[in-house]
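Visitor: Sequence and computational prediction follow.
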Amino acid sequence: MASLLLACWSTFHPVQAQTAVSETDYFATDMPIVLSASRLKQTAKDAPVAITVIDREMIEASGFTEIPDLLRLVPGFFVEYDSGHIQAAGYHLLAGRYVRQQQILIDGRSVYTPIFGGVPWTELPITLDDIERIEVIRGPNAVTYGSNSFLGVINIITRPAVLDHGTSAKTNIGTNQLREVFLRHGDTSGNLDYRVNVAYRQDTGFDDRYDSKIVRLFNTRLDYQFNKHNDISFQAGYNEGPREEDNAIDAEIPNHLRTVTSQFQQIRWEHTSSSDDAFHLQIYHNLLQDNSRYTRTDFPITFDEGTRSERFDIEIQKTGKPNDLLRYVFGLSYRLDRINSELYFATTEPIDSRFKRLFGQVEYQIAKNHLVNLGLMIESNNIIETEYSPRLSYNTNITSTDTLRLTISQATRTPVMLEAFPDARITTPVYDQVFFNNGTVGSERVTAYDLGIIGNRAGNNFQYDLRLFYEDVKGLIADTTITPYPDVNNEAAYFSNLDDALIRGAEFQFDWRPDHRALLHVGVSHIEIDSANIRADYAQAAPVNSLTLLGSYHFDNGYQVSTGVYQRSQMAPLARKSADPALMPASTRVDARVAKRLRISKQQHTVAIIVQNLLDETYFSRLNNVIDRRAYLSYKIEF
Amino acid sequence: MAIAFPQFFRHHCKTTSGLILSLCFVTGTVLAQQRILLIQSSTEPVYAQFTQAMREQVKSLKIQTELQVVTADEFSINTSSSAIKVDYFIAAGVRASQLLAGLSSKKPQLMALIPASLNESHIKTNKIRCQTGICSVILLDQPIERQLQLLRLALPQHKKILVINSPHSTPMTAQLTRISHQLGMKLNYLKIISDESLIGQLTQELPDNDIVLALPDPSIYNRNTARPILLATYKYGVPIFAYSQSFIDAGASLGIYTTPEQFAWQCIDLIAESQAQPGIHWPPEAQPKYYTIGINSAVVESLGIKIPAVQYLHDQLERILQ
């Protein structure tokens, strides 16, 4: 290690450098292409979709400790909790604990779960501190990311290892017995940059519930620069720990522990010819194993709800810009989802789902200030026949600082494995229920019309984005019960495309950073949903109005003060109509953070106090979880 | 996106020269053949590009001129034989120039591709020749005023400029400060402290600055530091003003530089002047005459900044610097 540190130091240390300037240094021909298309942030002006970027400054100012909470900063997104360790974040539709209408990617790796859908937020093997930024695409984007990129896409981008040189330790201690410890070390060795993280997290969840969690986490990232044009990145992570489960959903389920392990490995080779021309090959593997067994309290029958799901994915993609008018991206991928669950699929054998994808987009400047983007995703899998997701957009600069965007797009959501292949029989002395596949379930479909105005003022220090949307959703999947059913005492159920929904509304966001000290991020949304509500109450699955506000200021003396306001009108996360619709009243949450940074010798210290729900306005999340005032103290040292 | 503007003019020069040569033959005038000995420091691509451009451009001279090319190694072995009947010496690079400096010849000498920071000692060894006006050192460094004026034209709102200081760039500090002050810019110097990393210090300074002005310095900007520097500046939304096309390709937002081909054009221009007026005195030290403005449009767009078109920048820069 000492030699590595020495090597690093001598590389950066000009005083000690023995290198004299030579004529070849003026041409710097060996410099690698660093800022390639894949590393650049999407520009809102030319993008065919609406984007909200949550950057590091916002992440720190928010004071959030859970990744899904960050999505509160995005207009149209809503975050609720099933328990202390099961969060739900949904865009335009908040479907209980399984939000299936959106895609989530971490560095291009899909973590949408294949059995139930949704995102296992607590099980993700990354920490909030690993995130460099989150790019949230508001609106369908199946043309780029395939099915499930239905109403929105969450792109989490972690920090390159090269920006994490040094060692840091951080701890958060607060109410609800929050205890978190994060350790990170990063360094360089020749052309290799690496980072290693270990973390421990625990809390007791909500009051009056048996829902505490313990998370033990490890991840690493290695970035190797072969030469000027080629680099390879390897990442791996592991997350495990017990999660408490109680009887909030079924009174006869006893308190029990669920143990979860998740892991991933990802490798990506990128060949970059220029900032605009690149090719990448990416291969990854996800594994999520959930062990949960309990014996009901009403009769001595043991249920094993354990599941195992794996994903193998390989993708190649080429981006290019043959001339100043034309830009393109195309690629293909193959994905295998392999799952095991005897309870839900009546077999100990694995069940596979295979996806083949071919996609492409062309962006062409038809005239000065007029840009057209045309894209198509062709996808086939063994659940649904070949599907096509096209998109056409037109962006025109209406002034030197304002752009009008018109987009029409179609996307599909392929049924998850439970929806596609259910085969379960739950039999007790008093209750007998069957889930079966009647062969009719198909994909959910959305046709979305989007009108946006994007602009900036004050030399790009003020950026705004207005989006009007009209999303025509067809064939929302829900379970249908049949009573009576032959040989079944109570009910038989299968999944089918029962409901439609028309989602209309507007979103507005602006981001104002007059200088590096101040930040003001504001988002508002208005959503109206029309639905026949045949099986579920879609019309209330999003609040009609919501507001998000995040302000932050850095003072000269090293203090930073920030506050977040998150307000929404009443809503009801999706539930079967027969069940409690769990109407959640309007709520306002105010968070505040005061931090002090100071440098002592070579170390950077950051101390922060964070209060969540500062006004202590008690509000109820799903399953009557009471959100009360919480506070924690954070300390971080970097050296 | 990069445009080497003088190509158009040089094309016309070539055409004109060809016409003159043709006329000469038509009138039956026989021109004396001259000979240039070009010494390359090595066979690296930079010198190869310079030599290739010389081969092409030497044809445009009014006097039929032969170009002989040797590497520094070959020149060392065959110094005496190579030097016979040479009318002009051109050295490409420091090593070749050092060899040339040690040669006792009264023929005109051009020493191209020389870093300014090395030139002081270099000039001393060539003091007599250059003072006689038949020796000229063509520096690699872009004039400070040219850089700052371009920066002001391209990004007029970016007035707080960060320069990472090192022993190599320190000699330019006074000039940088003076000219930036004249142009209403604020220059901040980041002195790298020995016991801290460059990136750690850089990230502390970036929030207070609008742009990083990169000066050629292998101890600051090299293949190992390019990634952290470019990623850190990008993270803070601070563009880099660079000094080479490769740096711009790597992720700098814009820059100004002279290509090896353009240095060759400048050498040919000086020789053409000398051939036309044999007694003409060359400047002992010349700055790059031709230059290229480069913009990385992908990075610029992603940073959300607007930079005028390269053609406009060049025209305005020429007008201001006249």
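Guide: Arrived safely, thanks for sending. Numbers count the residues shown, from 1 in each chain, chains lettered A, B, ... in the order given.
Visitor: Give me the number of neighbouring residues for the closest residue to chain A within the stretch 151-300 of chain B.
Guide: Closest contact between the stretch 151-300 of chain B and chain A, by CB to the nearest CB, is at residue B:251 (3.1 Å). Heads up, the C-betas are built off the backbone N, CA and C, glycines and all. Neighbour count for residue B:251, taken as other CB atoms under 10 Å in any protein chain shown: 29.
Visitor: That one contacts residue A:28, doesn't it?
Guide: No. Checked against CB atoms under 8 Å, the pair residue B:251 and residue A:28 is beyond contact range at 11.8 Å.
Visitor: got the residues of the stretch 151-300 of chain A near chain B?
Guide: Residues of the stretch 151-300 of chain A lying close to chain B by CB under 8 Å from any CB of the partner chain are A:160, A:162-163, A:165-166, A:188, A:191, A:193, A:225, A:228, A:274-276.
Visitor: Take the residues you listed and lay them out in JSON lines including distance to residue B:74 and pLDDT.
Guide: As requested, those are exported to JSON lines (distance: CB to CB, whole Å; pLDDT from 0 to 100):
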{"residue": "A:160", "distance to residue B:74": "45", "pLDDT": "92"}
{"residue": "A:162", "distance to residue B:74": "42", "pLDDT": "88"}
{"residue": "A:163", "distance to residue B:74": "47", "pLDDT": "87"}
{"residue": "A:165", "distance to residue B:74": "45", "pLDDT": "86"}
{"residue": "A:166", "distance to residue B:74": "49", "pLDDT": "89"}
{"residue": "A:188", "distance to residue B:74": "40", "pLDDT": "88"}
{"residue": "A:191", "distance to residue B:74": "34", "pLDDT": "87"}
{"residue": "A:193", "distance to residue B:74": "42", "pLDDT": "93"}
{"residue": "A:225", "distance to residue B:74": "35", "pLDDT": "90"}
{"residue": "A:228", "distance to residue B:74": "29", "pLDDT": "85"}
{"residue": "A:274", "distance to residue B:74": "36", "pLDDT": "83"}
{"residue": "A:275", "distance to residue B:74": "39", "pLDDT": "80"}
{"residue": "A:276", "distance to residue B:74": "41", "pLDDT": "84"}
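Visitor: shaky segments in chain A?
Guide: Chain A contains residues with pLDDT under 70 at A:1-20, A:95-96, A:574-582, A:619-624.
Visitor: which residue does it bring closest to chain B?
Guide: Closest point on chain A to chain B, by CB to the nearest CB, is residue A:35, at 3.1 Å.
Visitor: quick one: that residue and residue B:299 touch, right?
Guide: Yes. Residue A:35 lies in contact with residue B:299 (CB under 8 Å); the separation is 5.2 Å.
Visitor: Which neighbours do those two have in common?
Guide: Here residue A:35 and residue B:299 share the contacting residues A:275, B:234, B:251, scored by CB atoms under 8 Å, 6 or more residues apart in numbering or on different chains.
Visitor: count of residues packed around the second one?
Guide: When you say that, I think you mean residue B:234. The tally of other residues near residue B:234 (other CB under 10 Å) stands at 21.
Visitor: looking at this, it is in a strand?
Guide: No. Under the criterion used here (DSSP: H, G, I helix; E, B strand; the rest coil), residue B:234 is helix, not part of a strand.
Visitor: wait, what's in contact with it?
Guide: By CB under 8 Å, 6+ apart, the residues touching residue B:234 are A:35, A:39, A:40, B:251, B:299, B:302, B:303.
Visitor: quick one on the thing from earlier: distance to residue B:261 for the shared contacts of residue A:35 and residue B:299 - can I get that in CSV?
Guide: As requested, those are arranged in CSV below (distance: CB to CB, whole Å):
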residue, distance to residue B:261
A:275, 23
B:234, 30
B:251, 24
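Visitor: Show me the shaky parts of chain B.
Guide: For chain B (pLDDT under 70), the answer is B:1-32, B:77-84, B:119-132, B:168, B:193-197.
Visitor: what residue lies at the spatial centre of it?
Guide: residue B:140 (3.5 Å; CA atoms, centre = their mean).
Visitor: And the strands in the stretch 151-300 of chain B, which stretches?
Guide: B:160-165, B:186-191, B:211-213, B:240-242, B:254-257, B:285-286, B:292-295 (DSSP state E, counting those that start in this stretch).
Visitor: for the stretch 451-600 of chain A, that is, sorry about that
Guide: So, for the stretch 451-600 of chain A - with DSSP E, counting those that start in this stretch - the strands run A:462-482, A:491-512, A:518-530, A:545-554, A:559-568, A:587-600.
Visitor: Format these as JSON lines; extra columns: distance to residue B:111 and mean neighbour count.
Guide: Listed next are those as JSON lines, based on distance: least, CB to CB, whole Å; neighbours: other CB atoms under 10 Å in any protein chain shown:
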{"stretch": "strand A:462-482", "distance to residue B:111": "51", "mean neighbour count": "19"}
{"stretch": "strand A:491-512", "distance to residue B:111": "53", "mean neighbour count": "19"}
{"stretch": "strand A:518-530", "distance to residue B:111": "53", "mean neighbour count": "19"}
{"stretch": "strand A:545-554", "distance to residue B:111": "51", "mean neighbour count": "19"}
{"stretch": "strand A:559-568", "distance to residue B:111": "54", "mean neighbour count": "20"}
{"stretch": "strand A:587-600", "distance to residue B:111": "47", "mean neighbour count": "17"}
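Visitor: Turn the ones you listed into TSV, columns for distance to chain B.
Guide: Output for the strands of the stretch 451-600 of chain A, formatted as TSV (distance: least, CB to the nearest CB, whole Å):
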stretch	distance to chain B
strand A:462-482	7
strand A:491-512	11
strand A:518-530	11
strand A:545-554	8
strand A:559-568	12
strand A:587-600	9
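Visitor: Reformat these as JSON lines; add distance to residue A:389.
Guide: As requested, these are exported to JSON lines (distance: least, CB to CB, whole Å):
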{"stretch": "strand A:462-482", "distance to residue A:389": "14"}
{"stretch": "strand A:491-512", "distance to residue A:389": "17"}
{"stretch": "strand A:518-530", "distance to residue A:389": "22"}
{"stretch": "strand A:545-554", "distance to residue A:389": "28"}
{"stretch": "strand A:559-568", "distance to residue A:389": "30"}
{"stretch": "strand A:587-600", "distance to residue A:389": "35"}
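Visitor: ok, which pair from the residues of the stretch 151-300 of chain A next to chain B is furthest apart?
Guide: Largest separation among these by CB to CB: A:166 and A:276, giving 32.9 Å.
Visitor: coming back round to it: can I get the strands of the stretch 151-300 of chain B in TSV with mean neighbour count and distance to chain A?
Guide: As requested, these are exported to TSV (neighbours: other CB atoms under 10 Å in any protein chain shown; distance: least, CB to the nearest CB, whole Å):
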stretch	mean neighbour count	distance to chain A
strand B:160-165	22	8
strand B:186-191	16	9
strand B:211-213	25	13
strand B:240-242	27	8
strand B:254-257	26	7
strand B:285-286	18	15
strand B:292-295	23	11
